[in-house]
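Asks: Structure for the following, please:
(2 chains)
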Number of protein chains: 2
Amino acid sequence: MKLLEERILKDGKIFEGNILKVDSFLNHQLDLALLSEIGAELKNKYGDCGITKILTIEASGIGVGCMVAQFFNCPLLFAKKTKTLNIKGDVYSSKVASYTHQCVYDIIVSKSFLTPDDNVLIVDDFLAKGNALNGLIDIVKQSGARLAGCGIAIEKAFQGGGDELRKRGIRVESMAIIEDMDCEKGTVTFGTRN
Amino acid sequence: MKLLEERILKDGKIFEGNILKVDSFLNHQLDLALLSEIGAELKNKYGDCGITKILTIEASGIGVGCMVAQFFNCPLLFAKKTKTLNIKGDVYSSKVASYTHQCVYDIIVSKSFLTPDDNVLIVDDFLAKGNALNGLIDIVKQSGARLAGCGIAIEKAFQGGGDELRKRGIRVESMAIIEDMDCEKGTVTFGTRN
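Replies: Okay, the predicted model is just below:
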């Protein structure tokens, strides 16, 4: 998506450790018009799939998730992060390793809101190693719902998570795919996937 | 707002300890059409105030915040919760006591995104004792921005936070105001302000 690539080049900031900071428009301050364009584009991609639910993860997935769900006229469901050791029986749960925070946390989704009748599009702001996405996919599997695919704002392809999911036959559509970043030169190289 | 009151009566669940669970439409699974109606109503209330930024707090404020910000054609900014003890100098921070989680946490907002030129509408899903709201108001003050007021989905008026803010001269508009809840009878009594 040209609009998102241009915005990354204009307002994104690259830091050591492959960190891309886009908090002026994607995950601290949110540009709703841009997120709405992402929603429209994902509607183009998945519009004929009979999506019944958008699934994301708190906190920074919620913004893009809302704008996508609007286009599909279906609810947004967000997985909650928890450090509670006693997971109650009325939730699906999975473990997610956080690269940023160097820890493992549980994510939970109430069983009431995801059933075998659902056809799910997973949405998130970032895809790097795919840890959060794998947790969400695990939860969709536990629920017996169908997974239509994933819709991502920014994929850091050089961290491999997206291509690993594609190899497993999971459809992943990313609005901007970063093949390479150089924090010294300040350059970002975009790529494409099918 | 009749629509929200009716939805609370239909889908809300009351538990001991004054807990109202609305996770089927407001803070786990989100009904975007309903949140959009809240956005439209807050636009009616604050439309002539020259709002430049919607401010909320992660995670459950983000959904309603997005839908409100769309109506004001301005960015949504969400405060992040953190347990990091070393707050860096480039953020505003405030302390918030959590009634639900029985702890105190820091909330932070990047200084880049809130300036004296801003005119802020604070938005959140719930208002009970007003702890989160007071933290957000503190951050607006630190930034030198103007506070136009607060827009809340559900105010639990019997917990006093909303009326305390009104006494201090802060404008608070709540889409549903709960005067009383009875978990044994399963009843909810709504009220009005102004």
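Asks: show me the contacts for residue A:142.
Replies: Residue A:142 makes contacts with A:92, A:94, as judged by C-beta atoms under 8 Å, 6 or more residues apart in numbering or on different chains. In short, each C-beta sits where N, CA and C put it, glycine included.
Asks: Show me what residue A:96 is bridged to.
Replies: residue A:105 (DSSP bridges).
Asks: which stretches of chain A form strands?
Replies: Per DSSP state E, chain A carries strands over the ranges A:13-15, A:19-21, A:29-30, A:53-57, A:76-82, A:91-98, A:103-110, A:119-127, A:146-156, A:172-182, A:187-191.
Asks: Output the contacting helices and strands for the second one.
Replies: Taking 3 or more C-beta pairs under 8 Å, 6 or more residues apart in numbering or on different chains; DSSP states H and E as the contact definition, the neighbouring helices and strands of strand A:19-21 are strand A:13-15.
Asks: same check, this time on the last one
Replies: With contacts taken as 3+ C-beta pairs under 8 Å, 6+ apart, strand A:187-191 sits against helix A:2-11, strand A:172-182.
Asks: Show me the contact partners of the longest helix along chain A.
Replies: In chain A, ranked by residue count with DSSP state H as the criterion, the top helix is helix A:32-46. Defining contact as C-beta under 8 Å, 6+ apart, one finds that helix A:32-46 is touched by A:1, A:3-4, A:7, A:25-26, A:63-64, A:66-72, A:121, A:123, A:148-149, A:151, A:153, A:173, A:175, B:66, B:69-70, B:73, B:75-76.
Asks: filter those residues to the buried ones?
Replies: Buried members of the contacts of helix A:32-46, scored by 16 or more other C-beta atoms under 10 Å in any protein chain shown, are A:1, A:4, A:7, A:25-26, A:63-64, A:66-72, A:121, A:123, A:148-149, A:151, A:153, A:173, A:175, B:66, B:69-70, B:75-76.
Asks: residue nearest the centroid of chain A?
Replies: residue A:124 (1.7 Å; C-alpha atoms, centre = their mean).
Asks: what is that residue paired to in the beta sheet?
Replies: Residues in a beta bridge with residue A:124, per DSSP bridges, are residue A:152.
Asks: ok, it touching residue A:152?
Replies: Yes - applying C-beta atoms under 8 Å as the test, residue A:124 and residue A:152 come out as touching, 5.7 Å apart.
Asks: residues from chain A in reach of chain B?
Replies: Residues of chain A lying near chain B by C-beta under 8 Å from any C-beta of the partner chain: A:23-25, A:28-33, A:35-36, A:58-59, A:62-63, A:66-67, A:69-70, A:73, A:75-78, A:80, A:109-110, A:112-113.
Asks: Can you check what pLDDT the model gives the closest residue to residue A:61 other than its chain neighbours?
Replies: Closest residue to residue A:61 in three dimensions, ignoring its sequence neighbours and counting by C-beta to C-beta, 6 or more residues apart in numbering or on different chains: residue A:124, at 4.6 Å. In this model, residue A:124 is scored at 98, pLDDT.
Asks: got the contact list for residue A:124?
Replies: A:56, A:57, A:61, A:64, A:65, A:132, A:133, A:136, A:150, A:152, A:153 are the contacts of residue A:124 under C-beta under 8 Å, 6+ apart.
Asks: just to revisit the earlier point, which one of the strands of chain A is the most hemmed in?
Replies: Mean neighbours per residue, mean count of other C-beta atoms under 10 Å in any protein chain shown, is largest over these for strand A:53-57, with a mean of 27.
Asks: Only C-alpha atoms, please: export it in PDB.
Replies: Provided in PDB are the C-alpha atoms of strand A:53-57 (Å, rounded to 0.1, in the frame of the first residue of the first chain):
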ATOM      1  CA  LYS A  53     -15.100 -11.700  13.200                       C
ATOM      2  CA  ILE A  54     -11.900  -9.600  13.300                       C
ATOM      3  CA  LEU A  55      -9.500 -10.900  16.000                       C
ATOM      4  CA  THR A  56      -6.500  -8.800  17.300                       C
ATOM      5  CA  ILE A  57      -4.500  -8.400  20.500                       C
END
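Asks: contact partners of that strand?
Replies: A:62, A:64-65, A:68-69, A:72, A:74-79, A:81, A:96, A:107, A:109, A:113-114, A:118-124, A:132, A:135-136, A:139-140, A:145.
Asks: before we move on, back to that, for the helices and strands packed on strand A:187-191, could you give me a markdown table that also reports mean pLDDT and distance to residue A:162?
Replies: Output for the helices and strands packed on strand A:187-191, formatted as a markdown table (pLDDT from 0 to 100; distance: least, C-beta to C-beta, whole Å):
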| stretch | mean pLDDT | distance to residue A:162 |
| --- | --- | --- |
| helix A:2-11 | 98 | 15 |
| strand A:172-182 | 97 | 5 |
